[in-house]
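Undergrad: take a look and give me a structure for this.
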Amino acid sequence: GMNAGAYGTVQIGKFTVTGNYSFNHNDSPRSYSESGREDYTSTDYRYLESNASSKYKSNFQFGSMEGSYEIDTLNLVTFSMQMWGGSNKGTGDGNTRMLNDRREHTYSYNTLNRTKSRFGSIAANFDYQHSFKKKGEYLTFSYRYNGSPNDSETYTEYEDVKDYPYDMDYLRNQYFDNDARTDEHTFQVDYSNPISDMHDIAVGAKYILRDNQSKTDYYKEFDGTYQPDENLTDKYEQTQNIMAAYADYKLRWKKFGAKAGVRYEHTFMDVEYDKLSEKNFKTDFDDVVPSMTLSYQLAPTRTIRASYNMRISRPGIWYLNPFRNTSNPTSISYGNPDLDTEKSHSFGVTFSSFSAKFNVNATLNYSFIDNGIERYSFMNNGVMESTYGNIGRTKHTRLSLWMNWNPGNKTRIS
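TA: Model (predicted):
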């Protein structure tokens with residue numbers, strides 16, 4: 001592979017802008033793989049053996065730009081742009097053999113694949129901040145756009161088919177073209193005010209318009225020509241409108257400090273299929289996201305802090321899209337449009353002590369998720385089907401310790 005990059009910055013009066021760009025090209029040598037699967041629920045289709053090889057070329061590029069303009073001492077405008085993207089081209093071949101529980105031949109076939117994909121993201125931010133004469137009091141208006149195209153094409157051809165027991169329509173040469181993209185617009189307003197030496201408040205509101213689209217054209221070969229398969233061709237669109245509001249409060253009293261906040265989000269989701277209108281549905285989500293931090297100053301350079309926060313993660317279009325990828329007849333995959341928002345809870349305690357010679361920071365954190373979005377698979381008459389569900393349950397306990405000791409002016413141990 002090879003890569004190159006460039007960076008620059010310009011300042012003219014109160015206007016400043018910086019930018020960078022990089023490009024990467026990679027030409028992969030051919031790689032080889034072998035895999036096996038044992039299905040304990042079947043005697044005729046017990047052992048699946050596969051071997052394959054593949055080769056690909058890829059390009060990737062990244063660029064960003066940031067700028068600011070100070071209108072006057074109380075008004076500031078900032079903006080930024082980011083883009084990244086790439087493309088892959090690959091070829092592959094494989095051999096698939098199915099054996100029964102006595103390791104006797106059940107069926108087999110060979111495959112040839114040609115793939116092409118394009119992916120990327122374009123984002124832009126614009127912020128206007130007004131500072132009041134009171135120190136620490138701000139009013140900010142923000143806008144952000146993010147667009148993420150993601151397209152792929154795959155040709156799959158089958159050769160040397162022997163004793164295939166299912167519908168031979170599964171092993172027709174096929175081609176599918178999937179065009180997917182996400183467009184998102186975010187509008188936000190924030191206000192912060194240090195009411196006094198003891199009390200701070202901050203409030204804000206956000207509105208997000210998100211549109212996920214996926215258009216799949218599926219073709220199968222009949223008499224030497226590719227013809228569309230109406231049963232597997234469809235257009236899917238998911239619209240999310242998210243309204244959110246938050247409030248934060250900070251307290252400083254002697255050696256004690258506290259911060260409490262809550263965010264409320266309401267999501268309107270509308271899912272439409274171009275040809276399968278009976279699968280259309282609308283749903284709403286309500287999420288209340290709290291957070292809290294308590295701190296106490298044990299000494300001028302020693303502090304102990306306890307915190308709780310909750311995070312939510314919404315499923316993306318690849319998790320939701322119900323399109324069935326059947327290019328590998330022994331392993332079919334598809335999304336689940338009924339997924340719910342994933343919720344993560346985190347508790348932490350931190351102790352920190354700093355001095356001229358010795359510093360230490362220790363954090364104990366516990367987090368858990370009860371409805372994590374996970375990929376899972378199951379067997380269906382000798383075929384493995386894979387999809388997603390809110391089935392993950394994870395627990396993490398982490399302890400991190402950082403220390404720094406300066407025994408002399410010229411020595412530091414950390």
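
Undergrad: for Tyr334, grab phi and psi.
TA: Main-chain torsions, Tyr334, degrees, to the nearest 10: phi -160, psi 160.

Undergrad: how many neighbours does it have?
TA: Tyr334 has 15 neighbours, counted by other CB atoms under 10 Å. For glycine as for every other residue, the C-beta is placed from the backbone atoms N, C-alpha and C.

Undergrad: which residue packs closest to it, ignoring adjacent ones?
TA: Distances taken as CB to CB, 6 or more residues apart in numbering place Arg324 nearest to Tyr334, at 4.5 Å, with adjacent residues excluded.

Undergrad: tell me which strands and helices the helix or strand hosting Tyr21 is in contact with?
TA: Secondary structure assigned from DSSP states H and E places Tyr21 in strand 15-27. Contacts defined by 3 or more CB pairs under 8 Å, 6 or more residues apart in numbering; DSSP states H and E place strand 15-27 against strand 2-12, strand 47-72.

Undergrad: neighbouring contacts of that strand?
TA: Outside of strand 15-27, the residues within contact range by CB atoms under 8 Å, 6 or more residues apart in numbering are 1-11, 57-69.

Undergrad: can you pull the contacts of the residue nearest to Tyr334?
TA: 232, 332-334.

Undergrad: any idea how far Gly92 is from it?
TA: To Gly92, Arg324 is 21 Å away according to CB to CB, to the nearest Å.

Undergrad: which stretches in this structure count as helices?
TA: Assigned by DSSP state H, the helices in the chain fall at 317-320.

Undergrad: middle-most residue in it, spatially?
TA: Gly316 (7.1 Å; CA atoms, centre = their mean).

Undergrad: who's in contact with stretch 223-236?
TA: Residues outside stretch 223-236 that contact it (CB under 8 Å, 6+ apart): 173-176, 213-221, 271-276, 321-324, 326.

Undergrad: which among those count as buried?
TA: 173-176, 213-220, 271, 273, 321-323, 326 (16 or more other CB atoms under 10 Å).

Undergrad: what's the weakest-modelled helix or strand in this structure?
TA: Every helix and strand of the chain was ranked by mean pLDDT, DSSP states H and E. The lowest is helix 317-320, at a mean of 76.

Undergrad: and stretch 290-304, what's buried?
TA: So, applying 16+ other CB under 10 Å, buried residues of stretch 290-304: 291, 293-295, 303.

Undergrad: and what of stretch 164-177?
TA: So for stretch 164-177, counting by 16+ other CB under 10 Å, buried means 164, 170-176.

Undergrad: what's the distance between it and the middle of its chain?
TA: Averaging C-alpha positions (CA atoms, centre = their mean, to the nearest Å) puts stretch 164-177 32 Å from its chain's average.

Undergrad: just the CA atoms of it, as PDB, please.
TA: Extracted C-alpha coordinates of stretch 164-177, given in PDB (Å, rounded to 0.1, in the frame of the first residue of the first chain):
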ATOM      1  CA  TYR A 164     -28.100 -30.200  -4.200                       C
ATOM      2  CA  PRO A 165     -31.300 -31.100  -2.300                       C
ATOM      3  CA  TYR A 166     -33.000 -27.700  -2.100                       C
ATOM      4  CA  ASP A 167     -34.700 -25.600  -4.800                       C
ATOM      5  CA  MET A 168     -32.100 -25.100  -7.500                       C
ATOM      6  CA  ASP A 169     -33.400 -21.500  -7.800                       C
ATOM      7  CA  TYR A 170     -31.100 -20.800  -4.800                       C
ATOM      8  CA  LEU A 171     -28.100 -21.700  -6.900                       C
ATOM      9  CA  ARG A 172     -28.900 -19.600 -10.000                       C
ATOM     10  CA  ASN A 173     -26.200 -17.100 -10.800                       C
ATOM     11  CA  GLN A 174     -27.200 -13.900  -9.200                       C
ATOM     12  CA  TYR A 175     -26.400 -10.200  -8.900                       C
ATOM     13  CA  PHE A 176     -27.500  -7.700  -6.300                       C
ATOM     14  CA  ASP A 177     -27.000  -4.000  -6.100                       C
END
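
Undergrad: so what touches that stretch?
TA: Around stretch 164-177, the neighbours that count as contacts under CB under 8 Å, 6+ apart are 106-107, 109, 151-158, 161, 216-222, 226, 229, 232, 325-327, 329.

Undergrad: okay, and which of those map to strands?
TA: Those of the contacts of stretch 164-177 mapping onto strands are 106-107, 109, 151-158, 161, 216-222, 226, per DSSP state E.

Undergrad: ranking the helices and strands packed on strand 15-27 by burial, who's on top?
TA: strand 47-72 (a mean of 16; mean count of other CB atoms under 10 Å).

Undergrad: so what does it touch, helix or strand wise?
TA: In this structure, strand 47-72 packs against strand 15-27, strand 31-38, strand 75-99, strand 105-131, with contacts taken as 3+ CB pairs under 8 Å, 6+ apart.
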